[in-house]
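Engineer: Coordinates only, no sequence provided:
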């Protein structure tokens, strides 16, 4: 299995990550899917991006364990400190989540981050180097398990003490900030 990794994401900076198919590899009913998925724009606009994301999705669905271990091997071979899961897509099954948990344990020197709206899955037993941020959008009921949340700035439920992401409003990129990798609540600007 060979993961197709994105290396030029202007928001992530030097942090590498990968994507799956937006919509198909996301939980149904998410407001972001109905009201303008940011990843769908890249899916429609860039044929090479679409091809890579589709290949990742096919391999992840066919053999989650091999796909996730291949990603961990990729991180280990490059001594990556940070790696972002799902710049598009999400945890599409419990088996896939468990495969990521095993892969993260096999790659303890890399810190992994994923945002998710797949609240129905069992996140118990997460390794310390796999940070899960539960994505909150206005109109989505907060049924997520306990843990850090990523709030949209227009959501009145966002706690006052949440870190205010400066992405898109300054030149700050994820690789310069890294607050999300610490597992604190974060509020993101949304336009």
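Structural biologist: Perfect, I can see it now. If you're wondering where the values come from, they're calculated on a predicted model, not measured in any experiment.
Engineer: Report the helix or strand with the lowest average pLDDT across the protein.
Structural biologist: Lowest mean confidence among the helices and strands of the chain (mean pLDDT, DSSP states H and E): helix 31-34, at a mean of 57.
Engineer: Please point out which parts of the helix or strand just after that one sit buried.
Structural biologist: Downstream of helix 31-34, the next assigned helix or strand under DSSP states H and E is helix 38-45. Of the residues in helix 38-45, those with enough neighbours to count as buried (16 or more other CB atoms under 10 Å) are 39, 42, 43. Placement of C-beta: from N, CA and C, glycine included.
Engineer: Out of those residues, the closest to residue 117 would be?
Structural biologist: residue 39 (12.8 Å; CB to CB).
Engineer: That closest one reaches residue 87, doesn't it?
Structural biologist: Yes. The criterion here is CB atoms under 8 Å, and residue 39 meets it with residue 87 at 6.8 Å.
Engineer: pLDDT weak spots in this structure?
Structural biologist: Along the chain, segments meeting pLDDT under 70 span 1, 28-36, 167-172, 190-191.
Engineer: Which residue ranges of it form strands?
Structural biologist: For the chain, the strands defined by DSSP state E cover 5-6, 16-18, 82-84, 111-116, 130-136, 149-152, 163-164, 186-188.
Engineer: what packs against the longest one?
Structural biologist: Using 3 or more CB pairs under 8 Å, 6 or more residues apart in numbering; DSSP states H and E as the contact test, the elements touching strand 130-136 are helix 94-105, strand 111-116, strand 149-152.
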